[in-house]
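**Student:** output the structure for:
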Amino acid sequence: MAALNASLNGLSAFAILLGWLAIRAGQRERHRKLMLSAFCFSSLFLVSYIIYHSLHGDTRFVGDPAIRRVYLTILFSHIGLSVIALPMVLSTFFFALTGKFSSHRKLARFTFPIWLYVSVTGVLVFFFLRLFSH
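**Tutor:** Model prediction:
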């Protein structure tokens with residue numbers, strides 16, 4: 001299930017990036033579809049993450065102390081920003097879905113990099129645990 005979570009985060013990151021590129025190119029409908037896809041991937045991730053951790057608990061990093069420091073830095077930034085990202089993503093979507101595009105654009109400038117970072121670092125956390133932890 002951890003691999004599923006990493007895959008959903010990766011798909012979300014990919015859709016977020018493609019959605020950003022689409023809006024930069026003026027492709028509003030493509031942007032809308034990609035961002036809705038990213039939202040669905042992130043939502044599925046959140047449900048899967050909660051189920052996984054309620055069944056299996058946390059996974060501790062056991063490995064080289066230097067790599068562990070890098071891992072913990074990524075993990076703590078990931079956790080902290082994920083707490084911020086959720087209400088930002090929901091608000092950004094709310095503004096878009098209610099036609100408040102000026103507010104949507106203003107908030108999306110901040111939501112985009114945070115959401116992308118959280119999605120990418122979610123994948124990194126998985127790989128750190130798989131590759132460097134015993």
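**Student:** tell me the secondary structure at the residue nearest in space to the middle of the chain.
**Tutor:** Residue closest to the mean C-alpha point of the chain, counted by C-alpha atoms, centre = their mean, is S119 at 2.5 Å. Secondary structure for S119, judged by DSSP: H, G, I helix; E, B strand; the rest coil, is helix.
**Student:** which of the helices or strands spans the nearest residue in space to it that is not next to it in sequence?
**Tutor:** Spatial nearest neighbour of S119, chain neighbours left out: A13 (3.7 Å); criterion: C-beta to C-beta, 6 or more residues apart in numbering. Quick note: C-beta positions are derived from backbone N, CA and C, even for glycine. Per DSSP states H and E: A13 is located in helix 2-24.
**Student:** same deal with R32?
**Tutor:** Going by DSSP H and E, R32 is part of helix 28-56.
**Student:** list the helices and strands that helix packs on?
**Tutor:** Counting contacts by 3 or more C-beta pairs under 8 Å, 6 or more residues apart in numbering; DSSP states H and E, helix 28-56 is packed against helix 2-24, helix 65-97, helix 101-132.
**Student:** which ones are touching the nearest residue to S103 once chain neighbours are set aside?
**Tutor:** Using C-beta to C-beta, 6+ apart and skipping the chain neighbours, the partner closest in space to S103 is F95 (4.3 Å). Going by C-beta atoms under 8 Å, 6 or more residues apart in numbering, F95 touches 101, 103-104, 107.
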